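**Q** coordinates only, sequence not included:
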């Protein structure tokens, strides 16, 4: 196991160290299939990708004409994402998701390993921020990691706990198995779409 000095995933330095040492087992190197299918099936909308990591999803969305912004609070992650994003690099922003403000109302938050990067004590704050940023009818779509091991990140959630976290503000419209998971998430993630009530 790689020995890291930084142990607090709530600190940008935790993620900086991992990106700088190229230890990113959560990075598949491309946008996943369910997101590709979602982009084809839906009209472009204003989107944010919190905790964007290397930003592959931003490239997919921007190339398809979506008004997407990728944010991360880790300077090293932002630097990596700007390289991956190429001509879309200006749409990668270093920011804290909990204080970042969109330039226009959002219609989609794309979830990919952001919730599971946060310790469980932070989950209510994440869910509240999702609800705060999305107007009624907007979507929270992406991958949710289900696991019962206490150590992380990634920190897995149970389905009952996820429902309890989201059902006051969101209704689940899509819940599908994922066939192209990378090793760290294999067999333990689902593609889900939640609509803001």
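**A** Cool, the structure landed. Source: prediction; values computed, not measured.
**Q** going by C-alpha atoms from here, please, whenever you check contacts or count neighbours.
**A** Will do.
**Q** so residue 136 touches residue 197, yeah?
**A** Yes: using CA atoms under 8 Å, residue 136 is in contact with residue 197, at 5.1 Å.
**Q** could you pull out the helices for this structure?
**A** 12-20, 33-41, 56-63, 75-85, 123-133, 159-166 (DSSP state H).
**Q** among those, which comes closest to residue 103?
**A** Distance to residue 103, taken as CA to CA, is lowest for helix 123-133 among the helices of the chain, at 11.4 Å.
**Q** what about residue 197, neighbour count?
**A** For residue 197, the neighbour count with other CA atoms under 10 Å is 15.
**Q** got the contact list for it?
**A** 136, 137, 169, 170, 171 (CA atoms under 8 Å, 6 or more residues apart in numbering).
**Q** quick one, what contacts the third one?
**A** When the contact criterion is CA under 8 Å, 6+ apart, the partners of residue 169 are 131, 196, 197.
**Q** show me what contacts the first one?
**A** With CA under 8 Å, 6+ apart as the criterion, the residues that contact residue 131 are 169, 170, 196.
**Q** and of those residues, the nearest to residue 163?
**A** Nearest to residue 163 among these, with distances taken as CA to CA, is residue 170, at 9.0 Å.
**Q** could you find the closest non-adjacent residue to that closest one?
**A** residue 196 (4.5 Å; CA to CA, 6 or more residues apart in numbering).
**Q** closest to residue 104 out of the helices of the chain?
**A** helix 123-133 (10.4 Å).
**Q** quick check: buried residues in the closest one?
**A** For helix 123-133, a neighbour-count test (16 or more other CA atoms under 10 Å) marks 123, 126, 127, 130, 131, 133 as buried.
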